[in-house]
Structures are given as C-alpha cells and as structure tokens.
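Asker: what's the 3D shape of this:
(2 chains)
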Amino acid sequence: MSNDVNYGTIIKNGIFGENPVFRLALSLCPAVAVTSGVKNGFLMGVAVFFVMIMVNGTVSLLRNFINPKVRIPSYMFIIATWVTVTDLVMAAYARDVYKQMGLYIMLIVAFAIVLSRAEMFASKNKLLPSIVDGAAMGMGFLLALVLLGIFREFLGKGSLWGYQILGSKPLLIMILPTGGFFAMGLMMGWLNWIDRKFFGGTGGGGGGH
Amino acid sequence: MKEMLKITLSLVAIFIAAGLIMGVTYKYTSPVRFIAEKKEKEEALKAMAPDATDPINPAGNWTSSHGKPYEYYLATSNGKPVAYISSTAGKGYSSYIAMLVSLDTDLKIKDVKILHHGETPGLGDQVEDQGFLGQFKGKALSQIVLLKTETKENIQAISGATISSRAVTNGVKDAVQTLVDKYGSGVKMAAQGVAK
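Answerer: A predicted model of the protein is given here:
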C-alpha cells in the first residue's frame, strides 16, 4: 500500500470497479432477499452504508493492536458491536425510521461485504482512507440494491417505491426469489457489456476476491 | 506460551471493550425505548377503538395456545361497550408477530393492527400490507380460515409468505375466540334486547 492515497480511485473502485454486488459478487443473499422493492433495497443499503463506515474506521484504528492470528473473531466482534449499538440507538431515538429499517439492521452482522472490506482494506490502511473506502463500498452496495429494486419492482409489481405506475404486474416472477437471480444475472451481464463496449474493460472477472 | 497469552489477551481486551460499549448504550437507550414503546401501545389501543371516549383499561388476561400471556381490553363510551380489544401474537417464520385485534359489539372484526415482528423483509413483512390485513375486517370467528386460493369469504394467504400469513391468521383467531368466550353471551342478550 502506497502512502499517497487517491481518494477518487477508492470511491470509483467502491461504486464501479469493485462494486460489492455486481463485481465482487459478495452479499448476494441479502441483495436477492430485500430487492423485491426499491424501498426495501434503499433502506438496507443505508443501514449497510453506516455500519461499513464505522466498522472500517474502528478496524483501521485498531489495526496495530489486533493480533493477526485472531483477526477474524476480532472483526466479527467489532461488526456485531456496531450493529447492536446502531440497533439500540435507533430503537430509542428514531422510532419512525426504526419501524421501517429495524428488520434489516441485525442481518448486517453476517454480511460478507463488511467483513471482507475490514480484512482487505481497513486492516492495511490509515483511518481516513478506510472510512472513505467503507463509504464508497457502502454506496456501491446501496446503488446496486436500488438498481435491482427498480428493475424487479417495476417488472414484478408494476410500481416504484410502493406507488403503482403500470396498474398491472407484467412479470410476477421478478419479485419472487427466482426473479432475484434472473435480475442479478442480467444486470451483471449488462454492466459488463457496457464496461467492455464503452470503457475498454475486460468485464468482471468474478470470484478471486 | 507467551504468544498464546498475547493472543488471548488481545481478544479479551476487544471483547471487554465491545461489551462495555454495548452495555452503556443499552443502559442509556432502554428507558427511552421503553417509554416510547409504552406510548405507542397506548396510541395503538386508542386507534383500535376511535369511538371510545373513556380511557381503555385492561379487563383481564388470557393464555394463547403457544403458552404466552396476553391482555384483553374493554373499550367503552359513557360506560357502554363500543369495542372489545385483545393483544395477541402468532408464531411466524422467524419471529412472533405481535398484534392488536378489535371486535365490534356484534363480534365481527373491526380492525387488526400489527405492532411489531421480525419476518423476512420483502416476503414475510407483506402481512403488514392492507391488501392482506384488510381481509380480516368484518369477518366473524367462523370465517377466519386461511386459504391459498382466491376467496372473499375467508382469508387468502400471500404467495411466498404462507407461514407469516398463517401466523397472523392463527393469532387473530386466538384473540377473537377469547373475546367471543368472554363477551359473547352478554352481547347476545343485549342484541335480543335491541331486537324487541
């Protein structure tokens, strides 16, 4: 890791180059489960966004203290702590938001993307770059979920954010779990095609991370 | 040996620090949460019987088929009963779905409200939609049956969320059964009185 950090690269990397869902193919389980609607995807994305910033920051601060041999349990505990604190604080002080988002928060403990960024980035970098990486990855996750949500909700329910637009359900299968995999595959292929056609990329390698 | 001690100590230090952070957060947030939840419950009770002018107080307790205690309430307006309300819950896919059920004085369902649950977002949480919950309105005890086919007489399950649908239906049925047992005979007499 070099000392001069390029924040622009980190941000671009999180949102496009290594988009958690479409490129790293991590946390696909929640990505399929909650994207039957735009609203669900968005709320889950926001929750992950905040948790990732806090976890990356903490792991980065403690990176010289955490013993490499027990780093995974240490990261897990840091993640679980921040998720629990977020849950408790929101339950007390943001009741209205909690009623909408409460279901998603506890699920974040087991998200591969959070653990993966702690291991891949925050444990090797200084505080600020780590926080930026957490924010960028969280944003990438959020955008991916919203994109999938728009695609699935529009085709499956004919609505967006719960508001009816088409008045019919063109492709009901899209909001069922099966449709989640279809949507994800189509979206991944489409983004790879754009990358190759317009940006001269090699497309997502997938795996390897 | 020294290495082992170091590893253990570093883990223990993190665990203690994390435990402290969570404990302190819990200590300061739980009273606020408790008060907020109590207030929400009172508001929810009031919303279940908007025509009740007297304060709604618990009238007694009952135990559901899954062994948990719930309260039922009598909503009155100038001393005359306007609605019977009960708290209840059904065991869903990943949580207990806590609800309030209110009955009209003719023992038909007036309203069903889900207080909180932990079902899967996008699937189980669809039981909160009025498209499903609205089906209960105006139904009598014998009509509360969950079907997987289209129905107007009974309750239609949500495709992809059958377990959560069943949980809500069973919870509502328990509560209605209880309220009918407690208040049914009195209502019949009152109805006969009116018929004359």
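Asker: for the record, mean pLDDT for the longest helix along chain B?
Answerer: Of all the elements of type helix in chain B, the one with the most residues (DSSP state H) is helix B:2-48. Per-residue pLDDT values across helix B:2-48 average out to 90.
Asker: residues in contact with the next helix or strand after that helix?
Answerer: Sequence order places strand B:57-63 as the next helix or strand after helix B:2-48, per DSSP states H and E. The set of residues that contact strand B:57-63 without belonging to it, under Cβ atoms under 8 Å, 6 or more residues apart in numbering or on different chains, is B:69-74, B:86, B:178, B:182. Where C-beta positions appear, they are placed from N, C-alpha and C, glycine not excepted.
Asker: if we go to 7 Å?
Answerer: The set of residues external to strand B:57-63 that reach it, using Cβ atoms under 7 Å, 6 or more residues apart in numbering or on different chains, is B:69-74, B:178.
Asker: Could you list the paired strands of whatever helix or strand comes next after that strand along with their orientation?
Answerer: Elements were assigned by DSSP H and E; along the chain past strand B:57-63, the next helix or strand is strand B:69-77. If you go by DSSP bridges, strand B:69-77 pairs up with strand B:57-63 (antiparallel), strand B:80-91 (antiparallel).
Asker: before we move on, back to that, determine which two of the contacts of strand B:57-63 are furthest apart.
Answerer: B:Pro69 and B:Leu74 (17.7 Å; Cβ to Cβ).
Asker: For A:Gly156, give me its contacts.
Answerer: With contacts taken as Cβ under 7 Å, 6+ apart, A:Gly156 has the following neighbours: A:36, A:169, A:171-172, A:174-175, A:179.
Asker: Including distance to B:Pro55, could the residues you listed go into CSV?
Answerer: Formatted as CSV, these follow (distance: Cβ to Cβ, whole Å):
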residue, distance to B:Pro55
A:Ser36, 41
A:Lys169, 45
A:Leu171, 51
A:Leu172, 47
A:Met174, 48
A:Ile175, 43
A:Gly179, 49
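Asker: Which residue is the nearest non-sequential neighbour of A:Leu148?
Answerer: Nearest-residue entry for A:Leu148: A:Thr35, 4.0 Å, with adjacent residues in sequence omitted and distances by Cβ to Cβ, 6 or more residues apart in numbering or on different chains.
Asker: on that earlier part again, compile the contacts of strand B:57-63 into a markdown table and extend it with columns for pLDDT and distance to B:Thr53.
Answerer: Output for the contacts of strand B:57-63, formatted as a markdown table (pLDDT from 0 to 100; distance: Cβ to Cβ, whole Å):
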| residue | pLDDT | distance to B:Thr53 |
| --- | --- | --- |
| B:Pro69 | 88 | 28 |
| B:Tyr70 | 90 | 25 |
| B:Glu71 | 88 | 21 |
| B:Tyr72 | 90 | 19 |
| B:Tyr73 | 89 | 14 |
| B:Leu74 | 88 | 13 |
| B:Thr178 | 90 | 25 |
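Asker: Name only those of those that count as buried.
Answerer: Among the contacts of strand B:57-63, those buried by neighbour count (16 or more other Cβ atoms under 10 Å in any protein chain shown) are B:70, B:72-74, B:178.
Asker: Tell me the one among those nearest to chain A.
Answerer: Out of the buried ones among the contacts of strand B:57-63, the one with the shortest distance to chain A is B:Tyr70. That distance is 21.4 Å, counting by Cβ to the nearest Cβ.
Asker: Tell me how far that closest one lies from B:Ala175.
Answerer: The gap separating B:Tyr70 from B:Ala175 is 7 Å, by Cβ to Cβ, to the nearest Å.
Asker: just to revisit the earlier point, give the contact list for the residue nearest to A:Leu148.
Answerer: Neighbouring residues of A:Thr35 by Cβ under 7 Å, 6+ apart: A:41, A:145, A:148-149, A:152, A:180.
Asker: And stretch A:76-86, what's buried?
Answerer: Taking 16+ other Cβ under 10 Å as the neighbour-count basis, stretch A:76-86 is seen to contain the buried residues A:77-86.
Asker: One more: stretch A:53-71?
Answerer: Using 16+ other Cβ under 10 Å, the residues of stretch A:53-71 that count as buried are A:53-60, A:62-63, A:66, A:70-71.
Asker: Run through who's touching it.
Answerer: Outside of stretch A:53-71, the residues that reach it under the criterion Cβ under 7 Å, 6+ apart are A:74-75, A:78-79, A:82, A:114, A:117-118, A:121-123, A:125-127, A:130-131, A:133-135, A:138, B:6-7, B:10-11.
Asker: Sort out for me which of those residues are in strands.
Answerer: Secondary structure assignment by DSSP state E places none of the contacts of stretch A:53-71 in strands.
Asker: Can you give me the domain boundaries for chain B?
Answerer: Domain ranges of chain B: B:1-48, B:50-195, per automatic domain parsing.
Asker: Quick one: mean pLDDT over stretch A:12-19.
Answerer: On average, stretch A:12-19 scores 84.
Asker: in chain A, what spans have low per-residue confidence?
Answerer: Per-residue confidence of chain A (counting by pLDDT under 70) places the weak regions at A:1-4, A:201-209.
Asker: What of chain B?
Answerer: Confidence mapping of chain B against pLDDT under 70 gives the ranges B:121, B:186-196.
Asker: Work out which residue lies at the spatial centre of it.
Answerer: Compute the mean C-alpha point of chain B, and by Cα atoms, centre = their mean the closest residue is B:Met99, 1.2 Å away.
Asker: again with chain A
Answerer: In chain A, the residue lying closest to the centroid (Cα atoms, centre = their mean) is A:Phe141, at 2.8 Å.
Asker: That one: which element?
Answerer: Following DSSP H and E, the helix or strand that holds A:Phe141 is helix A:127-157.
Asker: Now that helix: buried residues?
Answerer: A:129-157.
Asker: Could you name the helices and strands sitting against the helix or strand following it?
Answerer: Once helix A:127-157 ends, the next helix or strand along the chain (criterion: DSSP H and E) is strand A:159-160. For strand A:159-160, the packing partners by 3 or more Cβ pairs under 7 Å, 6 or more residues apart in numbering or on different chains; DSSP states H and E come out as helix A:127-157.
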